[in-house]
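*Asks:* This is the structure alone, sequence omitted:
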Ligand code: A3D
């Protein structure tokens, strides 16, 4: 069987880390694309030279020409600009929307059969726009945020309880922003829901609330520490997990920004919900039941995503 081809649009912090992880896991050959000539080529060459040491056989190449992504099975998009301290993800909208238009055209022309994972912020609005600009089927265009937000939640819980991260599951729904909705009721330690862990005296309700807030602020905490950009190791690992689910038809249930067509009472909206990812892309949306307070938080999150989508339509009227 021929190797799979994975195109990475954007060869910055996340793009370079993605290339490394894809090669280490031998998911396929990598084509790293960026508009800054030399950067994708240089990173690809450096990574290729670690192949003999690590023992991977993936081929890594860099390019500034869209034709080189031709036939890609998976495209992961990080092109655009990241946040600096003091900026919200929404501040990136105008500049990154223009980038999505170029990227969408490139994918549409050269990789129309790919499974596309968008990471560029503000995530939910950018993946919505990328799907429209590319014209690819909505089940093949998905946004990465929930896996990362849930991983942050899982890390904080495991750290607090001094248990393995492997035994902590977590669900974070909604838009990837300050209004995201970490769902304690659907998050567990070895199958025990977090509210029950509180009842069992493993952690206080205040501590759980503090962790939920720290999860919401997880990206800003790292931006504040790094000062020159945003998180990249965990975002890259999260997108690679999604790519692997698609390529290996794993049918795992992961929270992703997916296109809703009536689910949760929403239509033509991209927002974080649990989905099954397999060879068909987003194969199914898991419509979990939300209680009144969860629904209120989810609705507020959707409202903030809607505001960003409306802003996109004003900037690029062809999206309306
Ligand atoms: P960075 O290291 O700046 O890399 C972005 C790359 O995109 C740079 O190399 C640019 O040259 C390149 N680029 C800019 N314009 C274009 C274009 N038109 N075509 C192709 N390439 C272009 O940023 P990063 O890798 O740290 O972050 C990338 C994006 O991911 C940003 O928008 C971040 O805000 C976002 N991000 C999202 C999450 C989520 O969980 C959704 C997490 C972390 C970062």
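*Replies:* Done, it's in. Everything numeric here is computed off the predicted structure, so don't read it as measured data.
*Asks:* Enumerate the residues of the protein near the ligand.
*Replies:* Residues of the chain that fall close to the ligand, judged by Cβ under 6 Å from any ligand atom: 9-15, 34-36, 39, 78-83, 92, 96, 99, 102-103, 119-121, 123, 144-145, 148, 176, 229-232, 235. All C-beta atoms are positioned from the backbone trio N, CA, C, and that covers glycine.
*Asks:* Do I have it right that residue 152 meets residue 215?
*Replies:* Yes - the pair residue 152 / residue 215 is scored as a contact, 5.1 Å apart, by Cβ atoms under 8 Å.
*Asks:* quick revisit: take the residues of the chain next to the ligand and keep only those in helices.
*Replies:* Counting by DSSP state H, the residues of the chain next to the ligand place 13, 14, 15, 39, 96, 99, 102, 103, 123, 148, 235 in helices.
*Asks:* contacting residues for the first one?
*Replies:* Neighbouring residues of residue 13 by Cβ atoms under 8 Å, 6 or more residues apart in numbering: 82, 229, 230, 232.
*Asks:* mind checking pLDDT for whichever residue of the chain sits closest to the ligand?
*Replies:* Across the chain, no residue is closer to the ligand than residue 12, which sits at 1.8 Å (Cβ to the nearest ligand atom). Residue 12 is assigned 97 on the pLDDT scale.
*Asks:* how deep is it tucked in, by neighbour count?
*Replies:* Using other Cβ atoms under 10 Å, residue 12 has 20 neighbouring residues.
*Asks:* How many residues are close by the residue lying closest to it once chain neighbours are set aside?
*Replies:* Excluding the flanking residues, the one nearest residue 12 by Cβ to Cβ, 6 or more residues apart in numbering is residue 78, at 6.3 Å. If you count neighbours by other Cβ under 10 Å, residue 78 ends up with 29.
*Asks:* Which PyMOL command selects the buried ones in the ones in helices among the residues of the chain next to the ligand?
*Replies:* Selection of the buried residues among these in PyMOL, burial being defined by 16 or more other Cβ atoms under 10 Å:
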select buried, resi 13+14+15+39+96+99+103+123+148+235
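*Asks:* Max pairwise distance over the ones in helices among the residues of the chain next to the ligand: which two?
*Replies:* Spanning the widest gap among those are 102 and 148, at 24.6 Å by Cβ to Cβ.
*Asks:* For the helix ranked longest in the chain, what is the distance to the chain centroid?
*Replies:* Ranked by residue count and defined by DSSP H, the top helix of the chain is helix 292-315. On the basis of Cα atoms, centre = their mean, to the nearest Å, helix 292-315 sits 18 Å off its chain's mean C-alpha point.
*Asks:* got the buried residues for it?
*Replies:* 294, 297-299, 301-302, 304-306, 308-309, 311-313.
*Asks:* Next: stretch 229-247.
*Replies:* Buried, per 16+ other Cβ under 10 Å, within stretch 229-247: 229-232, 234-236, 238-247.
*Asks:* Tell me the helices and strands packed up against whichever strand in the chain runs longest.
*Replies:* Longest strand of the chain, by residue count under DSSP state E: strand 267-278. Applying 3 or more Cβ pairs under 8 Å, 6 or more residues apart in numbering; DSSP states H and E, one finds that strand 267-278 contacts helix 123-134, strand 141-143, helix 146-161, strand 168-173, helix 233-247, strand 252-261, strand 281-285, helix 292-315.
*Asks:* need the contacts of residue 13 in CSV with pLDDT, can you?
*Replies:* As requested, the contacts of residue 13 are exported to CSV (pLDDT from 0 to 100):
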residue, pLDDT
82, 85
229, 91
230, 94
232, 98
